[in-house]
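Trainee: Just a sequence and a predicted model for now, questions to come.
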Amino acid sequence: MRWVRPLSADLGEGADTVGAKAHGLVALHRLGLPVPPGFVVTTAACRRFREVGRLPDGLRGELAAAVRGLEAATGRRFGGTRAPLAVSVRSGAGVSMPGMMSTVLDLGLTAGAAEALAAETGDARFALESRLRSLTTFASALPGAPADAPAEGSGDTSGGGDGEGDGGGDTGRLRAAIAAAERRIGRLLGRPFPDDAAGQLETAVEAVFSSWDAPRARTYRELNGIPHDLGTAVVVQAMVFGNRDAHSGTGVAFSRDPGTGENTPSGDVLFARQGDDVVSGREPTLPLSGLGAREPAVADALADALARAEGHFRDACYVEFTFESGGLWLLQVRPGRFTGAAGVRVAVDLAGAGVITREDALLRVPPQGLRNVRTPRITAQAQPDVVARGVGACPGVAVGRLATTSEAAVRMAAEGPVVLVRPETSPDDVRGLAAAAGIATARGGPAGHAAVVARSMGKPAAVGIAGLVVDAASATVRAGGRTLAQGDLVAVDGSGGELVLGDPPTATDTADAHLGTLLAWADGVTGARPDGDEESRLRAAQTAVRRTRA
């Protein structure tokens, strides 16, 4: 059996074999959009790994051959001491599991390769920062790594100096952090850190396969009805450095607003950052609209890519991107799968534009999703006691007792609704996110982890609440000179982004024009009078459409 496939436009296998991430990258290839060269290790290899507890026979040789192909495509050498090549190693299951499995960035930046990168670019700080990120993501991906260990290496070492010209202070701190990360990897592996690019790649693939069975991944699948026996693919691509210089960065973009469905691109961007800094929620992001002011050529190329992706999928799309020295690269694409009012609006607007049929629009909206179309808002007339404001990430209002950790949220939810308030959330918070009625975070943007998971679960969320300090040790939250204790009654408004003390009055819009249009189409299909409940009317229309198409 062949375990590895090249990422190319002629890859003809489905997401069940190569994973949804690789499947989306192939679609981008076919659209002629910029995708870093790479290859994918199939889900079958993961299933075999889980059966025998090691990489399947023949995979090591296929990895070596695929790396040689990547070297030929880039003109660089994996782990080399001249023109070094680094790669990203990402999970890619057939269904989306946001952040639940491992990622390793900058893999292949061995000690010698990092020195070569510093000589090539004239920027020792950049090379060392990238090597540190390689080590920290590698360490966090290894089985047995503590859940609260830092996943990234940039942190407070990035952007501090200008290479050796800063007197060695910044690079000295980076070198010390690198040595500490190497020691940590040695402890996790039970042997000295392998400063060998090929060996690191094999270990990274094993780690990604193992992360399929990590507790957080299993919990996520149980919550979302995803079978445990699917396995994940592994996508390996030439690294694009969003931390390369002031004209580099990373971001996430939606072709339409995920909160409202409005036909306006939205998302988050960070400059001089890399990889998961946006989606992790650890960094304060800038709105996507800020990209045009600093990098207009990148913004124009991204707008074109979003339009072409939406045209291909005939749906709103989600895209992850990185730009290096002013050049755009796309790292992931998938249909947006908007829910609630946003999902209804996108379906109706696309049908109105002739992109899909009315029957397609009816089939795209899950009947149970209509419950979240008319979302409540906290009424301003009641002058609510606002503790802090951020950005609305998922519409609706949730009221409950404040919980400062996921463990507390799970425990307290047994006695009533809770609102989980965190600095940011991570995949290890999945149980707390599932238990909470609403979510609020101090950091992160609309495309960060908390926002993405909240929308997938249909839970009101506010993110990026500036000035919010969560102290889990004392079980308190501070904002605006005030201190709230765990257990205090609070509300979160996922439209306006407010965190409010108490149980404020709310109001719900009784009319939604797009929902009215969709239901009129449903009644037209069934020929029924509009006197049933909305879910039943849509469900009946979907049954009629499927019968006609059968």
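Mentor: On my side now, so go ahead.

Trainee: If we ignore the residues flanking it in sequence, what's nearest residue 243?
Mentor: residue 274 (4.4 Å; C-beta to C-beta, 6 or more residues apart in numbering). Every residue, glycine included, has its C-beta placed from N, CA and C.

Trainee: nope, residue 488 is what I meant
Mentor: residue 402 (4.9 Å).

Trainee: cool, residue 98 as well?
Mentor: residue 452 is the one closest to residue 98 (C-beta to C-beta, 6+ apart), at 5.1 Å.

Trainee: Then residue 467?
Mentor: residue 479 (5.4 Å).

Trainee: next one: residue 328
Mentor: residue 301 (4.4 Å).

Trainee: For the residue nearest to residue 243, give its distance to residue 135.
Mentor: For residue 274, the distance to residue 135 equals 14 Å [C-beta to C-beta, to the nearest Å].

Trainee: Settle it for me: which of the two has more neighbours?
Mentor: residue 274 (28 against 24; other C-beta atoms under 10 Å).

Trainee: Quick check: that one touching residue 241?
Mentor: Yes: counting by C-beta atoms under 8 Å, residue 274 does reach residue 241; the two are 6.5 Å apart.

Trainee: hey, what's in contact with both of those two?
Mentor: 130, 322 (C-beta atoms under 8 Å, 6 or more residues apart in numbering).

Trainee: State the pLDDT value of residue 438.
Mentor: Residue 438 is assigned 97 on the pLDDT scale.

Trainee: what bridges to it?
Mentor: Using DSSP bridges, the beta-bridge partners of residue 438 come out as residue 419.

Trainee: Give me the distance between it and residue 403.
Mentor: 10 Å.

Trainee: hang on, isn't residue 234 packed against residue 208?
Mentor: Yes: the pair residue 234 / residue 208 is scored as a contact, 4.9 Å apart, by C-beta under 8 Å.

Trainee: These two - which one has more neighbours?
Mentor: residue 234 (31 against 26).

Trainee: secondary structure class for that one?
Mentor: strand (DSSP: H, G, I helix; E, B strand; the rest coil).

Trainee: For the nearest residue to it once chain neighbours are set aside, grab the count of nearby residues.
Mentor: Excluding its sequence neighbours, the residue lying closest to residue 234 (C-beta to C-beta, 6+ apart) is residue 41, at 4.2 Å. Neighbour count for residue 41, taken as other C-beta under 10 Å: 30.

Trainee: I figured residue 41 hits residue 236, correct?
Mentor: Yes: at 7.2 Å, residue 41 counts as touching residue 236 under the criterion of C-beta under 8 Å.

Trainee: Next, show the common contact partners of these two.
Mentor: Joint contacts of residue 41 and residue 236 (C-beta under 8 Å, 6+ apart) are residue 205.

Trainee: one step back: need the overlap of contacts for residue 438 and residue 403.
Mentor: 419-420.

Trainee: What is the lengthiest helix in the chain packed up against?
Mentor: Assignment by DSSP state H gives helix 169-189 as the longest helix of the chain. Secondary-structure packing of helix 169-189 (3 or more C-beta pairs under 8 Å, 6 or more residues apart in numbering; DSSP states H and E): helix 124-141.

Trainee: Tell me which other helices or strands the helix it packs on touches.
Mentor: Using 3+ C-beta pairs under 8 Å, 6+ apart, the elements in contact with helix 124-141 are strand 103-107, helix 111-121, helix 169-189, helix 197-211.

Trainee: Could I get the average pLDDT for it?
Mentor: 94.

Trainee: just the angle between that helix and helix 197-211, please?
Mentor: Angle, helix 124-141 to helix 197-211, by axes from the mean of the first three to the mean of the last three C-alpha atoms, to 10 degrees: 40 degrees.

Trainee: how far is helix 124-141 from where the chain is centred?
Mentor: 20 Å (C-alpha atoms, centre = their mean, to the nearest Å).

Trainee: Tell me how far the helix-or-strand element of the chain with minimal mean pLDDT lies from the chain's centre.
Mentor: None of the helices or strands of the chain scores lower by mean pLDDT, DSSP states H and E than helix 277-280, at a mean of 78. The chain centroid and the centroid of helix 277-280 are separated by 7 Å, computed with C-alpha atoms, centre = their mean.

Trainee: That one packs against which elements?
Mentor: strand 249-254, strand 266-271, helix 449-457.

Trainee: Looking at stretch 218-238 now, give me its mean pLDDT.
Mentor: Here the average pLDDT along stretch 218-238 is 95.

Trainee: and that stretch, how far apart are its ends?
Mentor: In stretch 218-238, first residue to last residue: 29 Å (C-alpha to C-alpha, to the nearest Å).

Trainee: swap in stretch 227-236?
Mentor: Across stretch 227-236, first to last residue, C-alpha to C-alpha, it's 24 Å.

Trainee: What residues sit buried inside it?
Mentor: For stretch 227-236, a neighbour-count test (16 or more other C-beta atoms under 10 Å) marks 230-236 as buried.

Trainee: any idea which of those is closest to residue 297?
Mentor: The shortest approach to residue 297 among the buried residues of stretch 227-236 belongs to residue 235, at 26.8 Å (C-beta to C-beta).

Trainee: roughly how far apart are the closest one and residue 288?
Mentor: Counting by C-beta to C-beta, the gap from residue 235 to residue 288 is 24 Å.

Trainee: And for residue 319?
Mentor: Distance from residue 319 to residue 288, by C-beta to C-beta: 10 Å.

Trainee: Overlap of the contact sets of these two?
Mentor: residue 253.

Trainee: Just give me how far the longest helix of the chain sits from the chain centre.
Mentor: 27 Å.

Trainee: related to what we said a few turns ago, who touches both of residue 234 and residue 208?
Mentor: 89-91.

Trainee: picking that back up, mind listing the residues bridging to the residue nearest to residue 234?
Mentor: residue 4, residue 234.

Trainee: Tell me which residues touch it, please.
Mentor: 3-4, 59, 63, 205, 233-234, 236.

Trainee: could you dump the residues you listed to a markdown table with distance to residue 129?
Mentor: Shown next, in a markdown table, are those (distance: C-beta to C-beta, whole Å):
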| residue | distance to residue 129 |
| --- | --- |
| 3 | 33 |
| 4 | 30 |
| 59 | 31 |
| 63 | 27 |
| 205 | 24 |
| 233 | 29 |
| 234 | 25 |
| 236 | 22 |
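
Trainee: nearest to residue 248, of these?
Mentor: Looking across the contacts of residue 41 and measuring by C-beta to C-beta, the closest to residue 248 is residue 236, at 21.3 Å.

Trainee: any idea how far the closest one lies from residue 269?
Mentor: In terms of C-beta to C-beta, residue 236 sits 25 Å off from residue 269.

Trainee: And for residue 422?
Mentor: In terms of C-beta to C-beta, residue 422 sits 23 Å off from residue 269.

Trainee: How about residue 77?
Mentor: In terms of C-beta to C-beta, residue 77 sits 32 Å off from residue 269.

Trainee: Same drill for those two, tell me which one is more crowded.
Mentor: Legend: neighbour count by other C-beta under 10 Å for residue 77 and residue 269, higher for residue 269 (29 against 17).

Trainee: wait, doesn't that one sit right on residue 283?
Mentor: No: Residue 269 lies out of contact with residue 283 (C-beta under 8 Å); the separation is 10.7 Å.
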